[in-house]
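Visitor: sequence plus predicted model, see below.
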Amino acid sequence: MSLPRRIRPGTSYLITRTTRSRRFFLSPDDTGVAVIFWFCIAVAAAITGVAISAVCVMSTHIHLVVTDVRGELPRFTHWLFRHSAVCLKLLRGIDENVWSSDKANYTELLTNDAVIAAIAYTLSNPTTSGLVPHAHKWPGAISSADDLRGTVRIAEVPKQFFSKLWTPQRLRFSMPPSLAQTYSTDDAVALIKKQLRRIERAKLIELRAHGRAFLGIDKVLKVRHTSRPENRRPRRPGSRVPTLKTVSRAAMKDAIEGLREFRTAYAEALEAWRAGKDATFPPGTWWMARLSKTRVKVTPAA
């Protein structure tokens, strides 16, 4: 049984999910891929109230930085990944699963530095992967730091799956609340751009040191979507998927303790509930509170 996920309204996350066997199913060689993701993200956000800050759709995976305003993140990701998969199967003629059997990775961003680093990491992915020297040149679906000023993107309806009753959707990008409370919009955008420039410069120096260059857009677009990277990148035994992210050791210690308390309280409540006893689940409980066929009590968040 997997560990329970704590869902707290107002939390910002870095979300990552990879395709099956790291196939290039999301390759930008077909412009329909970007249409699918912009639309599915826009609709999922509209349904759940999840605020979108950064998006980057690479050939084998997707990164998102979002804020779960109402505590509906599981609904957001379920809608997004289910409908994007259906569309991609029709677009690409994929017979099996689109997404890896591994669940999506949700990393809570606990501090402003962690949020800025996550956005810069997301937007710089085409560069850090050695594909293009500047992330904004990536031909696939990707947002920019300037989008955090409140850019509204009109997401067209994909030709796959959705009926003619659907209409284009508005997707508004928004600054994560913690950054908005601490910095002006200009200052926050400047900090993110500064990190982006630092990352791009570091990658350029790394490639030159090894006598290599960026792959380039032309070669990216020639890669077949049925292929996959040569380096399989197997998971090392004992490796962990990050759940929390902060650059402060003290903040991380407090966050780990809070998560440990939640999981302990959840396990105790679940054991009592299974035994037919009265059980009150801790704040942050999502599945049992919304999808369980039996009504359960959940302690209100402080």
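Guide: In hand now; what should we look at?

Visitor: make it CA atoms for all contacts and neighbour counts henceforth
Guide: Fine.

Visitor: surely residue 13 is within a helix?
Guide: No. Assigned with DSSP: H, G, I helix; E, B strand; the rest coil, residue 13 falls outside any helix and is strand.

Visitor: list the residues that contact it.
Guide: By Cα atoms under 8 Å, 6 or more residues apart in numbering, the contact list for residue 13 reads 64-68, 106-109.

Visitor: pLDDT below threshold where in the stretch 101-250 of the chain?
Guide: Applying pLDDT under 70 to the stretch 101-250 of the chain flags the ranges 231-250.

Visitor: the strands in it, which residues?
Guide: Along the stretch 101-250 of the chain, the segments classed as strands by DSSP state E, counting those that start in this stretch run 105-109, 152-155, 169-172, 244-245.

Visitor: any chance of those in a markdown table, with mean neighbour count and distance to residue 138 too?
Guide: Shown next, in a markdown table, are the strands of the stretch 101-250 of the chain (neighbours: other Cα atoms under 10 Å; distance: least, Cα to Cα, whole Å):
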| stretch | mean neighbour count | distance to residue 138 |
| --- | --- | --- |
| strand 105-109 | 21 | 23 |
| strand 152-155 | 16 | 17 |
| strand 169-172 | 19 | 20 |
| strand 244-245 | 19 | 26 |
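
Visitor: Serialize the ones you listed to CSV and add fields for distance to residue 272.
Guide: Output for the strands of the stretch 101-250 of the chain, formatted as CSV (distance: least, Cα to Cα, whole Å):
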stretch, distance to residue 272
strand 105-109, 28
strand 152-155, 47
strand 169-172, 43
strand 244-245, 28
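
Visitor: not counting sequence-adjacent ones, nearest residue to residue 142?
Guide: The shortest distance from residue 142 to any non-neighbouring residue, by Cα to Cα, 6 or more residues apart in numbering, is to residue 56 (4.3 Å).

Visitor: and that neighbour, helix, strand or coil?
Guide: Residue 56 - assigned by three-state DSSP - is strand.

Visitor: nearest to residue 199, out of the strands of the stretch 101-250 of the chain?
Guide: Among the strands of the stretch 101-250 of the chain, strand 244-245 comes nearest to residue 199, with 18.6 Å by Cα to Cα.

Visitor: pull up the gap between the closest residue in space to residue 95 that isn't next to it in sequence and residue 26, please.
Guide: The shortest distance from residue 95 to any residue other than its chain neighbours is 6.8 Å, reached at residue 89 (Cα to Cα, 6+ apart). According to Cα to Cα, to the nearest Å, residue 89 and residue 26 sit 11 Å apart.

Visitor: equivalent analysis for residue 277, please.
Guide: Computed with Cα to Cα, the distance linking residue 277 and residue 26 is 48 Å.

Visitor: more neighbours, these two?
Guide: Applying other Cα atoms under 10 Å to residue 277 and residue 26 shows that residue 26 carries more neighbours, namely 26 against 11.
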